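Undergrad: turn this into a model:
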Amino acid sequence: MLRSSTRRGRASADNSDVLAMFRLVYSGEGAAQPLVDDSSLTKEQKWQLLFDRNWRNLAPSSQTKWLVYLRKWKKWIDDHPEQPEGYLVFPSSKVSAFLSHILADCTTSSSKDPHGAVKSARKALRHLRACQAGIPDDEAKFPSQPYIAGVTSRAKTATAEARQCEAADPSCSASTLNNEEYASLLEAAMRFPDKQVGLCVAAMVSCGLAAGFRSDDLQDTRYFMELICSVPAKPLPMQILALATNAGKANRDAQMTYAALANHRQPHLDCLAYLSQLVLYQLNVSKLPLLALIYQNNTSWRSYRMFFRDPSMATSKQTYYDLSTILLKVAATMPDTLVKTKVMHLMRCSGTVSLAAAACSMDILRVWGRWARSEGVVGKSYLPKSPLSALPATGVLAGFGTDFMTNHAFGRGTVAVPVAWIDALAPHARVIFQAVRLRNRTCTGKADFSGQHCVESTLYLAETFWQSSPFMLQRYGLGWWALQRFVSLWAVLHSVNLSNR
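TA: Numbering: from 1, shown residues only. Predicted coordinates for the structure are as follows:
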């Protein structure tokens with residue numbers, strides 16, 4: 001089974017009791033000078049800057065993680081009133097005793113990573129201690145204190161022993177999907193009774209793997225998509241659809257970054273085919289007013305997310321719990337139990353290993369995965385602004401190998417889809433596209449080019465839908481067909497024999 005960490009569930013809405021600990025001040029023996037007013041900043045403004053840095057500006061996923069350990073710290077102090085200085089992260093011997101308690105809990109629960117838990121608890125306390133004024137300077141960097149370093153050393157040993165025990169899983173693929181598992185997970189999603197959930201998981205998994213998305217990327221993926229170009233591959237040009245995002249805890253500057261998606265050589269692994277089904281389902285069945293809002297020049301369309309558990313949540317950023325829950329539900333219906341150590345990071349891990357197996361360079365891997373601190377200024381300011389920067393990765397993950405520029409051929413990509421069929425799946429989209437494009441050309445104010453690109457991409461996805469539909473029908477049967485209002489067109493399409501192309 002996929003392993004989902006309970007610590008990533010929804011955090012309590014009321015964390016005032018925990019946040020109050022950030023305000024504590026040590027005034028005992030050897031106390032450092034507390035915050036004071038000066039001619040530039042008041043002591044409250046100084047504290048607020050510290051709090052912003054150490055808590056308020058952290059990514060929500062990081063806050064959720066640290067809250068778990070801060071609550072454990074508070075409970076442990078409540079259970080041990082003999083400990084000095086209450087909730088203050090002082091002295092280091094008290095911190096060491098708490099970390100020993102965390103280590104003991106990990107040992108009792110047969111955790112495979114006690115060191116990870118101790119390290120996370122230590123980091124949480126570091127953020128807390130940074131805002132607690134007055135703690136002596138020699139206690140400031142408590143990770144290097146002998147008692148705390150001793151617990152960390154014991155935790156490392158415990159982790160090594162846990163991983164070397166007879167019950168340890170020797171599998172080399174515990175955090176990745178092989179091709180069979182990937183195809184089986186997609187099939188389970190397409191056959192899932194709840195169409196919104198099934199289509200969401202299929203698109204999320206396939207696009208997440210192709211784009212190397214982290215969980216927080218998927219949680220906030222919006223309809224910022226653009227059909228950017230036709231790469232002159234041979235014999236068939238490669239169409240690139242870019243997804244743009246400025247979310248994710250690794251993107252601290254909220255710069256817009258891009259991921260490139262292309263049609264897969266094998267139709268049942270085609271991320272654009274699954275994305276087309278999700279988008280068209282949301283427009284036609286879930287009735288997202290996306291195109292109407294773009295036509296009205298109403299920028300509220302930008303608030304709609306692409307992956308969500310329920311249409312009522314479409315305009316809100318999803319939580320880890322929201323998306324991991326539906327992925328786990330779908331995975332539970334697979335014929336063979338899927339035993340993995342990752343859930344929402346499974347796609348990113350799988351894509352990385354696939355690229356490495358295809359002999360992609362570390363430079364390509366870094367650009368594709370948008371890893372921080374890669375390539376200096378070039379990697380931070382130039383390469384992320386174009387999805388073509390990692391084009392070799394796109395070609396490999398689309399199933400064409402490193403020679404995709406001279407070996408890009410798949411039969412369904414040559415099929416000309418009638419305009420009437422595209423219009424049937426995306427009613428009025430063509431008219432809206434022409435109107436928005438004209439408005440952007442003639443307007444004197446700020447043009448909505450992202451809306452124009454979204455509509456154009458929707459038309460392309462409708463074309464992709466029809467090109468892949470014979471193969472989807474053959475693989476999944478009529479059960480996958482969610483857009484029931486177009487069954488008559490489906491019958492016409494099915495009469496055309498495309499299976500040999």
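Undergrad: just the helices in the stretch 101-250 of the chain please.
TA: Secondary structure of the stretch 101-250 of the chain by DSSP state H, counting those that start in this stretch: the helices cover 114-131, 146-164, 179-190, 195-211, 215-219.
Undergrad: so which of those helices is nearest residue 366?
TA: Distance to residue 366, taken as C-beta to C-beta, is lowest for helix 195-211 among the helices of the stretch 101-250 of the chain, at 14.7 Å. C-beta: built from backbone N, CA, C; applies to glycine.
Undergrad: where among the helices of the stretch 101-250 of the chain is average confidence lowest?
TA: When the helices of the stretch 101-250 of the chain are ranked by mean pLDDT, helix 146-164 comes last with a mean of 87.
Undergrad: got the angle between that one and helix 114-131?
TA: Computed with axes from the mean of the first three to the mean of the last three C-alpha atoms, to 10 degrees, the direction of helix 146-164 lies at 150 degrees from that of helix 114-131.
Undergrad: so which residues make contact with helix 146-164?
TA: Identification of contacts with helix 146-164 by C-beta atoms under 8 Å, 6 or more residues apart in numbering yields 92-93, 95-96, 99-100, 103, 106-107, 110-119, 122, 142-143, 168.
Undergrad: show the pLDDT at residue 500.
TA: pLDDT for residue 500: 36.
Undergrad: what of residue 491?
TA: 51.
Undergrad: ditto for residue 388
TA: On the pLDDT scale, residue 388 is placed at 86.
Undergrad: the residue lying closest to residue 90 once chain neighbours are set aside: how many residues sit nearby?
TA: Among residues not flanking residue 90 along the chain, residue 135 sits closest, at 4.8 Å (C-beta to C-beta, 6 or more residues apart in numbering). The burial count assigned to residue 135 is 23, neighbours taken as other C-beta atoms under 10 Å.
Undergrad: residue 135 reaches residue 89, doesn't it?
TA: Yes: the pair residue 135 and residue 89 qualifies as a contact (C-beta atoms under 8 Å) at a distance of 7.1 Å.
Undergrad: tell me, what's touching the two both at once?
TA: The contact sets of residue 135 and residue 89 overlap at residue 129 (C-beta under 8 Å, 6+ apart).
Undergrad: the longest helix in the chain is where?
TA: Secondary structure assigned by DSSP state H gives helix 449-476 as the longest helix of the chain.
Undergrad: who are the packing partners of it?
TA: Helix 449-476 sits against helix 179-190, strand 225-231, strand 238-245, helix 271-284, helix 290-295, helix 419-425, helix 429-442, helix 487-494, with contacts defined as 3 or more C-beta pairs under 8 Å, 6 or more residues apart in numbering; DSSP states H and E.
Undergrad: run the last query once more with 7 Å
TA: If you count contacts as 3 or more C-beta pairs under 7 Å, 6 or more residues apart in numbering; DSSP states H and E, helix 449-476 packs onto strand 225-231, helix 271-284, helix 290-295, helix 419-425, helix 429-442, helix 487-494.
Undergrad: the nearest residue to residue 390 once chain neighbours are set aside and residue 144, how far apart?
TA: Of all residues not flanking residue 390 in the chain, residue 368 sits nearest, at 3.8 Å (C-beta to C-beta, 6+ apart). From residue 368 across to residue 144, the span is 37 Å (C-beta to C-beta, to the nearest Å).
Undergrad: next: residue 295.
TA: Per C-beta to C-beta, residue 295 is found 60 Å from residue 144.
Undergrad: ok, now residue 58?
TA: 23 Å.
Undergrad: and if you look at residue 212?
TA: Distance of residue 212 to residue 144, computed by C-beta to C-beta: 35 Å.
Undergrad: same question, residue 367
TA: According to C-beta to C-beta, residue 367 and residue 144 sit 36 Å apart.
Undergrad: of those two, who's got more company?
TA: Neighbour tally, residue 367 and residue 144, criterion other C-beta under 10 Å: the higher count belongs to residue 367, 24 against 10.
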